[in-house]
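Colleague: quick one: sequence and predicted model below, then my questions.
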Amino acid sequence: MRVIVVGGGVVGTMHAWQAVQRGHEVVQIEREAEARGASLRNFGQIWVSGRAGGEELDTALRARELWERIGAEVPGLGFRANGSLTPVRTDREYAVAEAALARPDAAARGYKLVTADEARQINPALRGAFEAALWCERDAAVEPRTAQLHLRETLRATGRYTFLPGREVREVTGPGAVRDDHGDVHRGDAVVLATGAWLSGLVRELVPDLPVRRVRLQMMQTAPLGERLTTSVADADSFRYYPAYKSPALDALNAGQDQAPTAAAHKMQLLMVQRRDGGLTIGDTHEYEHPFAFDTLEDPYEHLTGVVEGFLGRPLPRIRRRWAGVYAQCTDTTRVVHRQQVADGVWLVTGPGGRGMTCSPAIAETTANELGW
C-alpha cells in the first residue's frame, strides 16, 4: 500500500509512522520547509493527568504506551517518564485534589496526593511555599522542537518513506490522489490530510462547515535552570481547565476562590516542563475569539513568572524565547479528534486541541485500524 500524508506536524508524522511500521510506503508532504505550528510550539507533555474519562483517557493512556515504545526505538525523542506535580496552597485546592483521588480511574492515571515534603523528595527544585501536591505518575514528556526530525530520520532509514517539504497541496484530483502547488500529482491507496490549524484552502473547500475552531496561546522558554526539574509542574488553575477535575469541590473552588485577574482575563494555567538543555518551557494562555491578536502581551508572562518563582522559591532564569501558537480544536471539546472521509480515498484528521502531542500516536493508530492498513 502507498499512503500520502499531508502535513508535517506530529499528527501527520505519527500517521506516517503507523503506515511504515505496517509495511507500507509513505510520501509525506509539508507546505513549510519544516513543520512550524503547534507540534513545535507546545510543552512536549504526554499529559494523562487532566484528561476526561472514557475515550479521551483511553486514548491518552494508549498514546502514553506508544510514546514509550517509540521513544525506545528513537532515543532522539527524549522520552522520559517524569510524571507531574500540581502543588496546592489552599483548602479549596486541596479538596479538588482529594476529589481527583476518588475517581474510579485514579489508579490508571497514577494519582497520589503527597505532602509538601514528599513532593520535594520527588522534585527537589520545588523549594517554594505550598501545602501539598497532586502527583500523577503516568505523565511523561518528549522534546517537541526536534521530535519530528528524529522520527523522520528513522522513517527514512526504512527506505519506504519520502518527505517533500515546501509544497502546498491544492487539489484532490481523484481517488487517493492530490496535486501540489508545484503541479505534481501524488497518487496512493489512501491520503490523510493532517493539516493541523491550517483550516483554509483545500480543507475549507472539502468541508465548508468543519466543526473545528482555532485556539491561540502564548508560551515562553528560559535559559537553563541550573538544576533538574525532575517532573512537569502545573498549578491549581489547571484544575479549572482540565475535565478530569470536574467535581463539587471544583465548583466550590470556582465559586469561592477567584483566579488572579490576569489569569482570568487570559484563561490561564501554569504548565512547566524542563527541556534537555535545562531551560524551562512555561505557559499558557487561551484565546478563542477571532480575529486573534497579532502581538504577544507581557502581563501573562509576568503572571507566570510570579507563579513559577513562588513554587521554585528562587528567581526564574532569563527568558530566552517568547512565542504565540495556534492549534485546532473540535468545537465539541469532548471529541478527541475530528476524523472524516472527505473524498474517495481521502481522510481529514484534525482538531485534537491541546491533546495533539499527547494523543497523536493513538490517533494515528486508530486511523490505521479503521482504514484497514
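Modeller: That came through, no problem.
Colleague: wait, Y301 touches T222, no?
Modeller: No: counting by CB atoms under 8 Å, Y301 stays clear of T222, with 10.8 Å between them. Quick note: C-beta positions are derived from backbone N, CA and C, even for glycine.
Colleague: now do the shared contacts for these two.
Modeller: I319 (CB atoms under 8 Å, 6 or more residues apart in numbering).
Colleague: now whichever strand or helix holds V191, how far from the centre of its chain.
Modeller: Using DSSP states H and E, V191 maps to strand 190-193. On the basis of CA atoms, centre = their mean, to the nearest Å, strand 190-193 sits 22 Å off its chain's mean C-alpha point.
Colleague: okay, and the beta partners of the nearest residue to D139 once chain neighbours are set aside?
Modeller: Closest residue in space to D139, ignoring its immediate chain neighbours: S84 at 4.0 Å, by CB to CB, 6 or more residues apart in numbering. Bridge pairing for S84 (DSSP bridges) gives the partners C136, S232.
Colleague: how long is stretch 168-185 from one end to the other?
Modeller: From its first residue to its last, stretch 168-185 covers 12 Å (CA to CA, to the nearest Å).
Colleague: which outside residues touch it?
Modeller: Looking at stretch 168-185 with CB under 8 Å, 6+ apart, the contacting residues turn out to be 4, 6, 29, 31, 164, 167, 186-191, 193, 201-202, 206, 342-346.
Colleague: what residues sit buried inside it?
Modeller: E168, V169, R170, V172, G176, A177, V178, R179, D180 (16 or more other CB atoms under 10 Å).
Colleague: ok, which pair from these is furthest apart?
Modeller: E168 and G176 (18.7 Å; CB to CB).
Colleague: between the buried residues of stretch 168-185, which is nearest Y111?
Modeller: Nearest to Y111 among the buried residues of stretch 168-185, with distances taken as CB to CB, is V169, at 42.9 Å.
Colleague: check what pLDDT the closest one gets.
Modeller: Note for V169: predicted pLDDT of 97.
Colleague: try S39
Modeller: At S39, the model reports a pLDDT of 78.
Colleague: now the one 3 residues further on
Modeller: In this prediction, N42 carries a pLDDT score of 89.
Colleague: let's see which of the contacts of stretch 168-185 end up in strands.
Modeller: I4, V6, I29, L164, H186, R187, A190, V191, L193, V342, A343, V346 (DSSP state E).
Colleague: can you flag the buried ones in those residues?
Modeller: I4, V6, I29, L164, H186, A190, V191, L193, V342, A343, V346.
Colleague: list the residues that contact the first one.
Modeller: In this structure, I4 makes contact with 26-29, 176-178, 186-188, 190-192, judged by CB under 8 Å, 6+ apart.
Colleague: 10 Å - rerun?
Modeller: Residues in contact with I4, defined by CB atoms under 10 Å, 6 or more residues apart in numbering, are 16, 19, 25-29, 164, 169, 176-178, 186-193, 345-346.
Colleague: and the gap between it and F292?
Modeller: Per CB to CB, to the nearest Å, I4 is found 31 Å from F292.
Colleague: now do the strands in the stretch 51-200 of the chain.
Modeller: 84-88, 111-115, 132-136, 140-141, 161-165, 169-174, 177-180, 185-187, 190-193 (DSSP state E, counting those that start in this stretch).
Colleague: beta partners of Q274?
Modeller: As for beta bridges, Q274 partners with L280 under DSSP bridges.
Colleague: now for G256, how many residues are close by?
Modeller: If you count neighbours by other CB atoms under 10 Å, G256 ends up with 10.
Colleague: and the pLDDT for it?
Modeller: Confidence at G256, expressed as pLDDT, is 97.
Colleague: which ones are touching the closest residue to it other than its chain neighbours?
Modeller: Take G256 and drop its neighbours on the chain: the residue closest to it by CB to CB, 6+ apart is R92, 5.9 Å away. Counting by CB under 10 Å, 6+ apart, R92 touches A236, F239, A249, L250, A252, L253, N254, A255, G256, Q257.
Colleague: quick one: R92 from F239, how far?
Modeller: 10 Å.
Colleague: mind listing the shared neighbours of those two?
Modeller: Contacts common to R92 and F239, judged by CB under 10 Å, 6+ apart, are A249, L250, L253, N254.
Colleague: tell me the one among the residues you listed nearest to T154.
Modeller: For these, the nearest to T154 is L250 (41.7 Å; CB to CB).
Colleague: and V27, what element?
Modeller: In this structure, V27 is located in strand 25-30 according to DSSP H and E.
Colleague: and A249, by the same measure?
Modeller: Assigned by DSSP H and E, A249 falls in helix 248-256.
Colleague: show me what that helix is packed against.
Modeller: helix 91-101, helix 237-241 (3 or more CB pairs under 10 Å, 6 or more residues apart in numbering; DSSP states H and E).
Colleague: before we move on, the earlier item: what are the pairing partners of the strand holding V27, and which direction each?
Modeller: strand 2-6 (parallel), strand 161-165 (parallel).
Colleague: any chance of those strands in TSV with mean pLDDT and distance to A264 as columns?
Modeller: Below are the strands paired with strand 25-30 laid out as TSV (pLDDT from 0 to 100; distance: least, CB to CB, whole Å):
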stretch	mean pLDDT	distance to A264
strand 2-6	98	39
strand 161-165	98	41
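Colleague: just name the most buried of these.
Modeller: A comparison of these by mean neighbour count, using mean count of other CB atoms under 10 Å, puts strand 2-6 on top with a mean of 25.
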